[in-house]
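Q: after the sequence you'll find the predicted model.
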Amino acid sequence: MTAKNTICLWYDKDAEEAAKFYARTFPDSAVSAVHRAPTDFPGGSAGQVLTVEFTVCGIPCLGLNGGPAFTHSEAFSFQISTEDQAETDRYWEAIVGNGGAESACGWCKDKWGLSWQITPRVLTEAMLKGGEVAQRAFQAMMTMQKIDVARIEAAVRG
């Protein structure tokens, strides 16, 4: 069954490579279809990969090889919730270690320019508590690139 809502992500020409990387990296992720252009199109030729259907952590996506006209920005990101430091490290290193780049506060970009928030549950839970706990956790987070679970837990304890 086709999803009612699908996230469409614009790539220059690497939608299939990106989708395969996401499928290898994240649970409940897969490439379900690759569609080739039936005719020439602006920036491409008949037979080239035009779209790729895939899921990222169960979220249906469509990768579109639309050429260089548009690029990703931080205005869109996937937020991946992690259980512990090991899972946080695994996803962070997969993205950054595959040609990506670190950013601040748990954000990083993959090599295609797509932003990811690798967010340990302990941080989310601290923010939901509000008050001084949230303030301490937020202040600790603001000094980090990849989130350090032990430092967030220490901030929560005060």
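A: Sure, I can see it.

Q: contacting residues around residue 144?
A: Residue 144 makes contact with 104-106, 151 under the criterion C-beta atoms under 8 Å, 6 or more residues apart in numbering. All C-beta atoms are positioned from the backbone trio N, CA, C, and that covers glycine.

Q: pull up the gap between it and residue 106, please.
A: Distance from residue 144 to residue 106, counting by C-beta to C-beta, to the nearest Å: 7 Å.

Q: same question for residue 84.
A: Residue 84 is 14 Å from residue 106, where distance means C-beta to C-beta.

Q: also residue 114?
A: Counting by C-beta to C-beta - residue 114 and residue 106 are separated by 15 Å.

Q: ok, residue 68 next?
A: Going from residue 68 to residue 106 by C-beta to C-beta gives 29 Å.

Q: compare these two (neighbour count), which wins?
A: residue 106 (24 against 10; other C-beta atoms under 10 Å).

Q: tell me the SS of the residue nearest to the more buried one when sequence neighbours are not counted?
A: Nearest non-adjacent residue to residue 106, counting by C-beta to C-beta, 6 or more residues apart in numbering: residue 147, 4.5 Å away. For residue 147, the assignment made with DSSP: H, G, I helix; E, B strand; the rest coil gives coil.

Q: repeat for residue 124
A: Once three-state DSSP is applied, residue 124 turns out helix.

Q: can you count the residues close to it?
A: Look at residue 124: counted by other C-beta under 10 Å, it has 14 neighbours.

Q: that one touches residue 81, doesn't it?
A: Yes: if you go by C-beta atoms under 8 Å, residue 124 and residue 81 touch, sitting 6.8 Å apart.

Q: show me where this protein has its strands.
A: 7-11, 30-36, 49-56, 59-65, 77-82, 101-102, 107-109, 115-120 (DSSP state E).
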